[in-house]
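In: how would this look folded up:
(chains A and B)
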Number of protein chains: 2
Amino acid sequence: MTNHPLRIIPLGGLGEVGKNMMIVEWRDHIVVIDAGVMFPQNDMWGIDLVIPDFEYLLGKQDRVEGIIITHGHEDHTGGLPYLLREIQAPVFATRLTLGLIEVKLREYGMLSRAQLHRIDAGGALSLGPFKFEFFATNHSIPDGVGLAIDTPQGLVVHSGDFKIDYTPVDGRPADLGKLAELGNRGVLVLLADSTNSESPGFTPSERVIDQAFDQVFKEAPGRIIVTTFASLISRIQQVMNTAQRHNRKVAITGRSMEENIRIAQELGYLTIPRGLLVPLSEIERLHPRQVAIMATGSQGEPSAALARMARGQHYQIEIVPGDTVIISAHAVPGNEEFVHDIINRLFQCGADVVYEKIAPVHVSGHASQEEQKLLISLVRPRYFVPIHGELRHLKLHAWLAQQIGIPPERTLVVENGYVLEFDEAGGCIGERIPGRYVFVDGAGVGDVGPAVMRDREILGQDGVVIAVAKVDTRSHGLHERPEIHSRGFVYIRESEDLLEGAREEIERVLQRSEPAETRKAAESRVRKALQRYFYQEIQRRPMIFPIIVEV
Amino acid sequence: MTNHPLRIIPLGGLGEVGKNMMIVEWRDHIVVIDAGVMFPQNDMWGIDLVIPDFEYLLGKQDRVEGIIITHGHEDHTGGLPYLLREIQAPVFATRLTLGLIEVKLREYGMLSRAQLHRIDAGGALSLGPFKFEFFATNHSIPDGVGLAIDTPQGLVVHSGDFKIDYTPVDGRPADLGKLAELGNRGVLVLLADSTNSESPGFTPSERVIDQAFDQVFKEAPGRIIVTTFASLISRIQQVMNTAQRHNRKVAITGRSMEENIRIAQELGYLTIPRGLLVPLSEIERLHPRQVAIMATGSQGEPSAALARMARGQHYQIEIVPGDTVIISAHAVPGNEEFVHDIINRLFQCGADVVYEKIAPVHVSGHASQEEQKLLISLVRPRYFVPIHGELRHLKLHAWLAQQIGIPPERTLVVENGYVLEFDEAGGCIGERIPGRYVFVDGAGVGDVGPAVMRDREILGQDGVVIAVAKVDTRSHGLHERPEIHSRGFVYIRESEDLLEGAREEIERVLQRSEPAETRKAAESRVRKALQRYFYQEIQRRPMIFPIIVEV
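Out: Numbering: from 1, shown residues only, chains lettered A, B, ... in the order given. As a prediction, the model looks like this:
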């Protein structure tokens, strides 16, 4: 024991707590767990990615012993290129995860500078005062691990993204024995995945999908097109196996799917029988009942293969009656409208569409309530910290923990930025450190803030009106009639009267200008007059941009 | 029988079929069923409402015998003010529905001109060659009706929005006897609500909510705040009854809730015990355990009462630990993020939040699969037409109908705009009539089309850059340094280098200008140069607006 507290800090803003990045710190030793991105919400106008604020780590380069990545999903790896620009530290991950990280860092031109090290489930690693042990978990990508961290204040267990699958497709079940052993050793604090804490029961095994696939593959009268997450390698394996059983060849469309299949195959995470894969260009020569196609676009992404097919814009595949499309995925919140639109369009093209609501062609990658209880019961921690979820998920998960005996005062629910401190007196929630989420837009990191976002909202809702008036510097009179330009405001050709009225409004306003008035003041008067005019006439509030040019 | 076909046409664009408006037509007689609005989807930038295209009805004023509104929800009534501007025709609706329509027409200043007529469940009405009978259905607003239409080609049954509740809170169960009687008379075609065709089983009775409410009201340590749809009068009744049982007074916040309660009370659809209601300003004087508050905002609407409370911006109510919030509603697709955000913020304020996922505090207003099968089994129609749903719901509903014996060739699945024709030869799907959805934005109806929307998307994603350059008309040289203005593009104060580079780019481009070049051509060169420059520098594509002023 020591009187230096152990500090655990989930980083980021409002959003899933500890999902994208966590800090474990003791004295001047820091380990970073995960470095992911959040996908922008609907009110984040024009934002491409959201990364945690690294502010806390800046200037502490020497203290960072390492970065541990629990699995290969974007929300755990996507922030690495941004983090490694600020902090040089070795990165540790399992084999498949490393393979995916290499692809990402190569894209950003950063692979040669990165120090990547392989870890394995069942293995261990010492970083400064911390001893890590890694244990296998099940999730919707292979090779995920949870962490046991022996610290000077006690044993910390971090579940990673997890579920419990007794019969996983990749034959690598969650390591329940290790979890029980950790529990027997005595665990100070368990940090556990709360994503599905609203779901009662057990998440079904990935195996159940085999039966659903078999039935569809047996009954489909023509081609079968399957979409799933490109990283869900075990699902891709299931499609390959099912196709093989039903004598269908498999073609792939979509860059991320092709790339992940290549990596997974190289690293031995995917076994494809020889002769099963055919190039997309060759499927025309096969009978439709001999064809299965794997496509990207399970989230309705507009530029992915499935969306292109649904809109009749795919370069190779046209959906025809007799085709069957399997959507082997769940729409991530915010993507439902896109996915539903694609399902409707596929039906419109005459395809049959099989999706979650119709047949069990997808299961979640996260633990449901009974698995969450099982984890807590095996680990029996002194403190319980729900992570990986929004506040509502964490609250529910904390209630579950309390139901099975963790006292309320030892279930610590925090938001990103709060410091959890553990010392000889126990655990408590400390101060909140500054920093939130940082927006990435194009090549810009953190330069888009609330003001820019608010302007984008106005522009996106009602467009922009630009009014140009030439004013004589001596007489202060208008030189010629003002010009009105607009975009995203009204259909210009049918709005001549409205725009003529606006020109008259400007003329009226500028007639009253005083000699001493600055250009800025005159522009402000024009802006206000046009705002009033347009709201009165058409009840819209475009962004008004007056430009007075003195000639 | 007659050789003039009966025509049934759902109007609108891509979206729920026949939800907002349907046409029933025989020779030169037309009846309109419902006149609703669709709420804009995420990709409809800046649109307030979406209404069906009335084009088909224009010029046919004399043929429209009437407009029948099945119930008082916006998606069935909200288009009336727009329709009545184009078509003068009598409107028929039940008592509560009429009350709600009156409020709406008064808002639009159209009440005095409208001809409103009351109908009743169990009643009948002749319009031209059509004989209507109205039957009670259950739905998430009282006083909904389904329609039986005796036409020259046979009997048409239209379910309206429906579910079957054997123990409804308002004591008015769906009229199963009438449905069976219609089935015994022989029905040509059944048009039935498909909204929940993805949901197995039976939708539970509204009664189950009483138990959930009772438990929360019993255990809540402080104030209770309940939000639900303002039109869900029976739910409001349940809250009132539960509050009365648990000795809590009820205060109301939110304009639509106050207004609907007033109307429902006036018309006798809501019974509030004397002394139960208190003004919001008086709850401070009561013990928190004596207080229940009904609030608007169940869909997370940012300006509604609940969102204001969650953000700490309500003029009267501050959420404090000990408060319990019940969200007695289901988030309509597209609103999930808003609702989740509010739940998280309420937890953040220290409230307990009880929502659908935690306790049965809401049930759907639409029939699930077993009720859908029951309806078809009672009515036993010759033709089955699934309506009220997206294409995927209709396809599923059609499969259900086929499972219980309607042959595939007599299940007609159509999209909005397709004409269903029934004559002595049978039923078939005819041509598609022109017309789709029409966007309402502020006071503008139909003036925002794809071009304006595309511009809004660009503006909302990456903002706008306005470049102003004064050019000498004689020398064709730049008069002074160009100005760059931007909104929603970058944080200007930290982007001086970027914008300085843009000024230099403009100078470089305009140096090469030729004497004969038009202003438009020069502006186009500036636009292209800046587009290239900004994409290269920062990978963004703002809308570029060059203005060259000749002085």
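In: in the stretch 101-250 of chain A, what residue comes closest to chain B?
Out: A:Glu198 (4.2 Å; C-beta to the nearest C-beta). Every residue, glycine included, has its C-beta placed from N, CA and C.
In: that residue touches A:Leu396, doesn't it?
Out: Yes: A:Glu198 is within contact range of A:Leu396, at 6.1 Å (criterion: C-beta atoms under 8 Å).
In: so what's the residue of the stretch 101-250 of chain A closest to chain B scoring on pLDDT?
Out: pLDDT recorded at A:Glu198 is 96.
In: buried residues in stretch A:196-215?
Out: A:196-199, A:202-203, A:205-206, A:209, A:212-213 (16 or more other C-beta atoms under 10 Å in any protein chain shown).
In: and the furthest pair within the residues you listed?
Out: A:Ser197 and A:Phe213 (28.9 Å; C-beta to C-beta).
In: now do the strands in the stretch 51-200 of chain A.
Out: A:64-68, A:91-93, A:116-118, A:124-127, A:130-136, A:145-151, A:154-158, A:187-193 (DSSP state E, counting those that start in this stretch).
In: make TSV from those and add mean pLDDT and mean neighbour count to it.
Out: Below are the strands of the stretch 51-200 of chain A laid out as TSV (pLDDT from 0 to 100; neighbours: other C-beta atoms under 10 Å in any protein chain shown):
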stretch	mean pLDDT	mean neighbour count
strand A:64-68	98	23
strand A:91-93	98	24
strand A:116-118	98	14
strand A:124-127	98	15
strand A:130-136	98	22
strand A:145-151	98	24
strand A:154-158	98	23
strand A:187-193	98	25
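In: out of the ones you listed, flag the one nearest A:Arg7.
Out: strand A:145-151 (10.1 Å).
In: got the contact list for that closest one?
Out: The contact list for strand A:145-151 (C-beta atoms under 8 Å, 6 or more residues apart in numbering or on different chains) reads A:6, A:24, A:26, A:31, A:33, A:68, A:70-71, A:94, A:119, A:121, A:129-137, A:155-160, A:162, A:178, A:182, A:188.
In: restrict these to those near chain B?
Out: Among the contacts of strand A:145-151, proximity to chain B is found for none (C-beta under 8 Å from any C-beta of the partner chain).
In: quick check: A:Gln88 vs A:Gly79, distance?
Out: The gap separating A:Gln88 from A:Gly79 is 15 Å, by C-beta to C-beta, to the nearest Å.
In: neighbour count winner among those two?
Out: Per other C-beta atoms under 10 Å in any protein chain shown, whichever of A:Gln88 and A:Gly79 has more neighbours is A:Gly79, with 26 against 12.
In: that one touches A:Val50, doesn't it?
Out: No: A:Gly79 is not in contact with A:Val50 according to C-beta under 8 Å; the separation is 9.2 Å.
In: overlap in contacts of those two?
Out: A:Val37.
In: I'd say A:Val445 and A:Gly79 touch.
Out: No: using C-beta under 8 Å, A:Val445 is not in contact with A:Gly79, being 10.5 Å away.
In: what residues are shared contacts of those two?
Out: Joint contacts of A:Val445 and A:Gly79 (C-beta under 8 Å, 6+ apart) are A:Ile51.
In: looking at chain A, which residue is nearest chain B?
Out: For chain A, C-beta to the nearest C-beta, closest residue to chain B: A:Gly460, 2.2 Å.
In: remind me what the helix or strand hosting that residue packs against, helices and strands.
Out: Element membership for A:Gly460, per DSSP states H and E: helix A:450-462. Helix A:450-462 is packed against strand A:543-550, helix B:450-462, with contacts defined by 3 or more C-beta pairs under 8 Å, 6 or more residues apart in numbering or on different chains; DSSP states H and E.
In: flag every residue of the stretch 1-150 of chain A that's near chain B.
Out: So far as C-beta under 8 Å from any C-beta goes, the stretch 1-150 of chain A lies against chain B at A:14, A:41-43, A:45-46.
In: tell me the one of those nearest B:Tyr355?
Out: Ranked by distance to B:Tyr355 (C-beta to C-beta), the residues of the stretch 1-150 of chain A next to chain B are led by A:Leu14 at 18.5 Å.
In: from what I see, that closest one and B:Asn344 are in contact.
Out: Yes: with contact defined as C-beta under 8 Å, A:Leu14 counts as touching B:Asn344 (7.2 Å).
In: and these two? Which one has more around it.
Out: The residue with more neighbours, out of A:Leu14 and B:Asn344, is B:Asn344; 21 against 18, by other C-beta under 10 Å.
In: measure the residue lying closest to the more buried one once chain neighbours are set aside to B:Thr227 for me?
Out: Leaving aside its sequence neighbours, B:Asn344 sits nearest to A:Leu391 (C-beta to C-beta, 6 or more residues apart in numbering or on different chains; 4.2 Å). As judged by C-beta to C-beta, A:Leu391 and B:Thr227 stand 18 Å apart.
In: of the two, who's got more company?
Out: B:Thr227 (30 against 25).
In: and the more buried one, what does it touch?
Out: Here B:Thr227 is in contact with B:294-298, B:305-306, B:325-329 (C-beta under 8 Å, 6+ apart).
In: format those as a markdown table; extra columns: neighbour count, pLDDT and distance to B:Thr242.
Out: What follows is those, written out as a markdown table (neighbours: other C-beta atoms under 10 Å in any protein chain shown; pLDDT from 0 to 100; distance: C-beta to C-beta, whole Å):
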| residue | neighbour count | pLDDT | distance to B:Thr242 |
| --- | --- | --- | --- |
| B:Met294 | 27 | 98 | 11 |
| B:Ala295 | 25 | 97 | 16 |
| B:Thr296 | 24 | 97 | 19 |
| B:Gly297 | 28 | 96 | 20 |
| B:Ser298 | 29 | 96 | 17 |
| B:Ala305 | 26 | 97 | 20 |
| B:Leu306 | 30 | 98 | 19 |
| B:Val325 | 27 | 98 | 15 |
| B:Ile326 | 29 | 98 | 10 |
| B:Ile327 | 27 | 98 | 15 |
| B:Ser328 | 25 | 97 | 11 |
| B:Ala329 | 23 | 97 | 16 |
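In: so which of the residues you listed belong to strands?
Out: B:294-295, B:325-327 (DSSP state E).
In: what is the subsequent helix or strand relative to the helix or strand containing A:Arg345?
Out: In this structure, A:Arg345 sits in helix A:336-348 according to DSSP H and E. Sequence order places strand A:352-355 as the next helix or strand after helix A:336-348, per DSSP H and E.
In: angle of the next helix or strand after that next one against strand A:187-193?
Out: Moving toward the C-terminus from strand A:352-355, the first helix or strand encountered (DSSP H and E) is helix A:369-379. Put simply, helix A:369-379 runs at 160 degrees to strand A:187-193, going by axes from the mean of the first three to the mean of the last three C-alpha atoms, to 10 degrees.
In: got the buried residues for the helix or strand following helix A:369-379?
Out: Sequence order places strand A:381-387 as the next helix or strand after helix A:369-379, per DSSP H and E. Neighbour counts using 16+ other C-beta under 10 Å place A:381-387 of strand A:381-387 among the buried residues.
In: and the angle from the strand or helix carrying A:Val440 to helix B:450-462?
Out: Taking DSSP H and E as the criterion, A:Val440 maps to strand A:437-441. Orientation of strand A:437-441 against helix B:450-462 (the same axes, to 10 degrees) gives an angle of 130 degrees.
In: lovely, talk soon.
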